[in-house]
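Visitor: Model the structure of this input:
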Amino acid sequence: MNKYLLALCFPLLFASIAGAQTPDGLQAAIDGERRSAANKARDQYRHPAETLTFFDVKDDMTVVEIWPGGGWYTEILAPYLKGRGQLYAAHFSAESTVPYFKKSLAAFKDKIAAEPEVYGELKLTVLQPPQKLTIAPEGSADRILTFRNVHNWMKSGQAETVFKAMYRALKPGGLLGVVEHRSPTYITQDPQAVSGYVREDYVIDLAEKAGFKLLDKAEINANPQDTGKHPKGVWTLPPTLRLGETQRNKYLAIGESDRMTLKFIKPDYQ
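Guide: Numbers count the residues shown, from 1 in each chain. Just a heads-up that it's a prediction; the model follows:
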């Protein structure tokens, strides 16, 4: 498909998504009894059904989840894709010198080892830029998903490198889904995103520099009560509440951060 035909298809794609319904299998995975009450409590802020439907994740796809952390989204994606699709979890390197990375990876491995009936088909890969960038075989992924990670790559100066790695792993015509803490546009972007917030236009620019095209955006994970300016950055808000008891009720009332939800396509033309 050339770029002119692709452009003509965009309105049809938008119309299709607008009327999209959450697949039964996806809703079943979200409602599953094996998900903890604490994780389900965060659905009101993370909107997994709406988000994964917006990213058009089907149960027969090859999906890469980038830096899954403790596996909040993995708990949904693994049972949803089991038997028909393939899930790659691109986690931290076991060789990392960062204690948090090693601890997080170890906990994730324990989690998937404890439930082989759920996670037995999951393939664990490594994303530790700039050295380890093979998150999945080149050109193999239908979807790549990243949730609140862009600021971490900016902090280490590796954001452009990671977006290029994600581009390589996607099939032509594949989609990249990005959820990230959103900074108001009146705030000048800190290149290292120390606050944890990133301007939406900055993320779009990073993706487009890597070769992606913005397909659509949604306000699924928006929170208009979040100003993006807090004493301890995004970690002032729940679930971290880094100020402890100081103004705790105020930040609980705000809720989790305002987040952009962006969908990019890897064009199938060169």
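
Visitor: Partner strands of the helix or strand harbouring residue 263 and their direction?
Guide: Counting by DSSP states H and E, the element that carries residue 263 is strand 259-265. Using DSSP bridges, the strands paired with strand 259-265 in its sheet are strand 170-183 (antiparallel), strand 213-218 (antiparallel).

Visitor: now the helices for the stretch 51-200 of the chain?
Guide: Listed in chain order, the helices found in the stretch 51-200 of the chain under DSSP state H, counting those that start in this stretch are 74-81, 99-114, 116-119, 150-155, 159-169, 200-209.

Visitor: where does the protein have low pLDDT?
Guide: Applying pLDDT under 70 to the predicted model, the residue ranges of the chain that meet it are 1-19, 269-270.

Visitor: List the residues that contact residue 235.
Guide: Contact analysis of residue 235 by CB atoms under 8 Å, 6 or more residues apart in numbering lists 196, 242. All C-beta spots, glycine's among them, are computed from the backbone N, C-alpha and C.

Visitor: That one belongs to a helix?
Guide: Yes - following the definition DSSP: H, G, I helix; E, B strand; the rest coil, residue 235 is counted among the residues of a helix.

Visitor: what residues are up against residue 67?
Guide: In this structure, residue 67 makes contact with 90-92, 127, 146, 149, 152, judged by CB under 8 Å, 6+ apart.

Visitor: go again using 7 Å as the cut-off
Guide: Residues touching residue 67, when contacts are defined by CB atoms under 7 Å, 6 or more residues apart in numbering, comprise 90-91, 127, 146, 149.

Visitor: Those residues in strands, which ones?
Guide: Within the contacts of residue 67, membership in strands is found for 90-91, 146, as judged by DSSP state E.

Visitor: So which of those residues is the closest to residue 66?
Guide: Distances from residue 66 to the ones in strands among the contacts of residue 67, taken as CB to CB, are shortest for residue 146 (4.0 Å).

Visitor: Verify the contact between that closest one and residue 66 for me.
Guide: Yes - the pair residue 146 and residue 66 qualifies as a contact (CB atoms under 7 Å) at a distance of 4.0 Å.

Visitor: circling back: now, which of the contacts of residue 67 sits nearest residue 187?
Guide: Among the contacts of residue 67, residue 149 lies closest to residue 187 (CB to CB), at 19.9 Å.

Visitor: For the closest one, give its distance to residue 21.
Guide: Here residue 149 is placed at a distance of 28 Å from residue 21 (CB to CB, to the nearest Å).

Visitor: Among the two, which residue is more densely surrounded?
Guide: residue 149 (19 against 9; other CB atoms under 10 Å).

Visitor: so what's that one closest to, chain neighbours aside?
Guide: The shortest distance from residue 149 to any residue that is not its chain neighbour, by CB to CB, 6 or more residues apart in numbering, is 4.9 Å, and that residue is residue 67.

Visitor: Likewise for residue 155?
Guide: In space, residue 155 is closest to residue 192, 5.0 Å off (CB to CB, 6+ apart).

Visitor: The ones in strands among the contacts of residue 67 into JSON lines, with extra columns for neighbour count and distance to residue 55?
Guide: Below are those laid out as JSON lines (neighbours: other CB atoms under 10 Å; distance: CB to CB, whole Å):
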{"residue": "90", "neighbour count": "26", "distance to residue 55": "16"}
{"residue": "91", "neighbour count": "25", "distance to residue 55": "20"}
{"residue": "146", "neighbour count": "24", "distance to residue 55": "11"}
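
Visitor: Switch these over to JSON lines; also include distance to residue 80.
Guide: Formatted as JSON lines, the entries for those read as follows, by distance: CB to CB, whole Å:
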{"residue": "90", "distance to residue 80": "18"}
{"residue": "91", "distance to residue 80": "19"}
{"residue": "146", "distance to residue 80": "17"}
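
Visitor: Tell me the one among those nearest to residue 255.
Guide: The nearest member of those to residue 255, counting by CB to CB, is residue 146 at 21.5 Å.

Visitor: Pull the contacting residues for the closest one.
Guide: By CB under 7 Å, 6+ apart, residue 146 lies in contact with 66-67, 178.
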